[in-house]
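Colleague: what would the 3D arrangement of this be:
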Amino acid sequence: MTKAGNTFVTDAKVLDVGTKKLLGSAGSRGDSPDSILNKQIDELSRKYKAAEQYQKFLDLWKDADPGIPEVENAKNRAEKLSAFL
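Modeller: Predicted coordinates:
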């Protein structure tokens with residue numbers, strides 16, 4: 001965490017425990033360490049919720065014909081967010 005004047009800035013990273021691979025990050029700035037932490041938790045929570053929703057969509061469409069753009073798009077997005085599940 002860095003403080004510049006009355007502003008705190010930080011970048012939280014989410015790493016895979018086994019490989020230490022970067023899974024995601026949440027950068028934030030605010031007027032106190034608590035406000036930064038709350039913003040980062042909110043950002044990571046949104047990514048987790050999005051990953052859940054894409055998975056639900058894909059479960060419903062698991063028997064769809066290949067090549068449907070919406071399904072392919074959901075697969076790509078779900079793969080990017082899979083680290084949050």
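Colleague: which parts of the chain are strands?
Modeller: 2-4, 7-15, 22-30 (DSSP state E).
Colleague: can you redo these as TSV with distance to K75, mean pLDDT and mean neighbour count?
Modeller: For the C-beta atoms, the positions are set from N, CA and C on the backbone; glycine is no exception. Shown next, in TSV, are those (distance: least, C-beta to C-beta, whole Å; pLDDT from 0 to 100; neighbours: other C-beta atoms under 10 Å):
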stretch	distance to K75	mean pLDDT	mean neighbour count
strand 2-4	38	68	9
strand 7-15	22	78	14
strand 22-30	18	79	15
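Colleague: P69 is nearest to which of the ones you listed?
Modeller: Closest to P69 of the strands of the chain is strand 22-30 (C-beta to C-beta; 25.6 Å).
Colleague: send the alpha carbons of that closest one over as PDB?
Modeller: The C-alpha trace of strand 22-30 is given here as PDB (Å, rounded to 0.1, in the frame of the first residue of the first chain):
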ATOM      1  CA  LEU A  22      -1.300 -14.900 -11.200                       C
ATOM      2  CA  LEU A  23      -5.000 -15.600 -11.400                       C
ATOM      3  CA  GLY A  24      -6.200 -12.100 -11.100                       C
ATOM      4  CA  SER A  25      -5.700  -8.700  -9.500                       C
ATOM      5  CA  ALA A  26      -7.600  -5.800  -8.100                       C
ATOM      6  CA  GLY A  27      -6.100  -2.400  -8.000                       C
ATOM      7  CA  SER A  28      -7.800   0.400  -6.000                       C
ATOM      8  CA  ARG A  29      -7.400   3.800  -4.400                       C
ATOM      9  CA  GLY A  30      -9.300   5.400  -1.600                       C
END
